[in-house]
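Asker: Sequence plus predicted model, see below.
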Amino acid sequence: MNDTSKYLTKQVRDLFADPGEIVLVTHVNPDGDAIGTMLGFYWLLKKKGYPVNMIVPNEIPFFLEWLPGYHQIVISEINHDKATALIRNAELLICLDFNESDRLGDLEEEFLKAGATKILIDHHPDPGDFTDHIISFTALGSAAELVYYLAIELGMRELIDKTVAECLFTGIMTDTGCFSFSSSQPETYLVVADLLKTGIDKDRIYMQVYDNYSADRMRLLGYSLNDKMVVLPEYRTAYISLTEKELQKYNHVTGDTEGFVNILFSIKGIRLTALFIEKKDHIKISFRSRGDFHINKFSERHFNGGGHKNAAGGESNLSLEQTIDKFVKLLPGYAKELLSG
């Protein structure tokens, strides 16, 4: 098992022994790992008898609404007053699946000035210094796997029942792309095997997440591949861009473009992919890479982002056209890395 015990100092263990009012928070545009980790940890803490609440900055993808406890999550952009009140009254604030405070969006200011003890539980590289304690394990493919190990270290192993396991399995499955990346450690599969012993139906979970889209989403995918996909074989790169108007045409809802950036790897030889989404005040970017091309460093250097070696996000305040132009013009400088291997 991965050794997470070194992160659990006596002080941290004491916090979990008598935590008081707990609030779990995760990042803007929460994904399957963020929500799966949050809900899994929520149920563990509830089963211990602790008072616990959950907050996300903005909307949760619809394909995660089936997860147990989903409706207990406070969405700040819908109920900001309640979210801020929970943060102000918290005695222990636990950050899950992000490594910088700006990932809290409009909750950042309230979070930073809160008097509660703060703990970061994450697996992304280079965690920022914005909490009192950091539990960071970058070798893991998901925050959900990290919470599994922490549960064992904190004496909660017997509390990992079917409800907890459904949530944690969802986090692990989604953040490893159904075990297609960031999942080379044998221990990950031992964790999954243990979760399966609780009686979860992995096929049902997969269908709820990946086979639960609307006809409009499928048409949007078809349009994206047929009309908006650009392939640059000279840089082993492919990307898709979508405007607000195009998204509206296909009745886009949060989560509809999930996975678009990964589909581009189906093209032979592609090592770098990107998805550019036009928002009201910025361009949201998803990056993926294969092999030793560190897309997190590329995103951090050029697009105010970060993430993992082969999966990262970014943002641009330029127009969509200008953002794509910037991206394409950067590629010659990385040609050697992209074309090697």
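Answerer: Received, thanks. Residues are numbered from 1 along each chain as shown.

Asker: residues near the nearest residue to residue 289 once chain neighbours are set aside, how many?
Answerer: Nearest non-adjacent residue to residue 289, counting by C-beta to C-beta, 6 or more residues apart in numbering: residue 295, 3.9 Å away. For every residue, glycine as well, the C-beta is placed using N, CA and C. Counted by other C-beta atoms under 10 Å, the residues lying close to residue 295 total 26.

Asker: repeat for the one 4 residues further on
Answerer: For residue 299, the tally of surrounding residues (other C-beta under 10 Å) stands at 23.

Asker: hang on, it in a helix?
Answerer: Yes - counting by DSSP: H, G, I helix; E, B strand; the rest coil, one finds residue 299 located in a helix.

Asker: Can you show me the strands along the stretch 151-300 of the chain?
Answerer: Remark: strands assigned in the stretch 151-300 of the chain by DSSP state E, counting those that start in this stretch are 229-232, 237-242, 272-278, 283-289.

Asker: how about the ones you listed, which one is nearest residue 202?
Answerer: strand 283-289 (23.9 Å; C-beta to C-beta).

Asker: Only C-alpha atoms, please: export the closest one in PDB.
Answerer: This file holds the C-alpha atoms of strand 283-289, laid out as PDB (Å, rounded to 0.1, in the frame of the first residue of the first chain):
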ATOM      1  CA  ILE A 283     -11.600  30.700 -22.900                       C
ATOM      2  CA  LYS A 284     -11.500  27.400 -21.000                       C
ATOM      3  CA  ILE A 285      -8.900  25.000 -22.200                       C
ATOM      4  CA  SER A 286      -8.400  21.300 -21.600                       C
ATOM      5  CA  PHE A 287      -5.000  19.800 -22.600                       C
ATOM      6  CA  ARG A 288      -3.900  16.200 -22.800                       C
ATOM      7  CA  SER A 289      -0.600  14.600 -23.900                       C
END
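
Asker: Could you tell me which strands sit next to that strand in the sheet, and their orientation?
Answerer: Looking at strand 283-289 with DSSP bridges, its partner strands are strand 272-278 (antiparallel), strand 311-316 (antiparallel).

Asker: What mean pLDDT does the longest one get?
Answerer: Spelled out, that is strand 272-278. Mean pLDDT, strand 272-278: 98.

Asker: now swap in the shortest one and tell me
Answerer: With pLDDT averaged residue by residue, strand 311-316 scores 94.

Asker: which residues sit against it?
Answerer: Strand 311-316 is contacted from outside by 29, 181-182, 282-289, 295-296, 298-300, 302-307, 322-323, 326, using C-beta atoms under 8 Å, 6 or more residues apart in numbering.

Asker: Any idea which of the strands of the stretch 151-300 of the chain gets closest to residue 121?
Answerer: strand 283-289 (23.4 Å).

Asker: Report the distance from the closest one to the chain centre.
Answerer: Between the centre of strand 283-289 and the centre of its chain there are 13 Å (C-alpha atoms, centre = their mean, to the nearest Å).

Asker: thinking again about what came up before, need the strands of the stretch 151-300 of the chain in TSV (columns: distance to residue 135 and mean neighbour count).
Answerer: Below are the strands of the stretch 151-300 of the chain laid out as TSV (distance: least, C-beta to C-beta, whole Å; neighbours: other C-beta atoms under 10 Å):
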stretch	distance to residue 135	mean neighbour count
strand 229-232	40	14
strand 237-242	35	22
strand 272-278	31	23
strand 283-289	26	24
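
Asker: nearest to residue 13, of those strands?
Answerer: strand 283-289 (37.2 Å).

Asker: what inclination does that closest one have with respect to strand 237-242?
Answerer: If you take axes from the mean of the first three to the mean of the last three C-alpha atoms, to 10 degrees, strand 283-289 sits at 160 degrees to strand 237-242.

Asker: Please work out the average pLDDT along strand 283-289.
Answerer: Regarding strand 283-289, the rounded mean pLDDT is 97.

Asker: got a list of contacts for that strand?
Answerer: Contacts for strand 283-289 (C-beta under 8 Å, 6+ apart): 29, 260-262, 264-265, 271-277, 295, 298-299, 303, 305, 307, 309-320, 323.

Asker: Same check on stretch 26-33?
Answerer: 34-35, 37-38, 56-58, 60-61, 64, 95-98, 103-105, 142-144, 170-175, 209, 258, 284, 313.

Asker: and it, how far from the chain's centre?
Answerer: With C-alpha atoms, centre = their mean, you get 5 Å for stretch 26-33.

Asker: and that stretch, how far apart are its ends?
Answerer: Terminal residues of stretch 26-33 lie 10 Å apart, using C-alpha to C-alpha, to the nearest Å.

Asker: Over to stretch 296-312?
Answerer: By C-alpha to C-alpha, one end of stretch 296-312 lies 5 Å from the other end.

Asker: List the buried residues of it.
Answerer: Neighbour-count burial for stretch 296-312, counted by 16 or more other C-beta atoms under 10 Å, picks out 296, 298-300, 303, 305-312.

Asker: any idea which of those residues is the one closest to residue 159?
Answerer: residue 308 (29.0 Å).

Asker: And for residue 114, the neighbour number?
Answerer: Using other C-beta under 10 Å, residue 114 has 19 neighbouring residues.

Asker: Please name the nearest non-neighbouring residue to it.
Answerer: Per C-beta to C-beta, 6+ apart, closest to residue 114 is residue 87, 5.2 Å.

Asker: Of the contacts of stretch 26-33, which qualify as buried by neighbour count?
Answerer: Buried, going by 16+ other C-beta under 10 Å: 34-35, 37-38, 56-58, 60-61, 64, 95-98, 103-104, 142-144, 170-175, 209, 258, 284, 313, out of the contacts of stretch 26-33.
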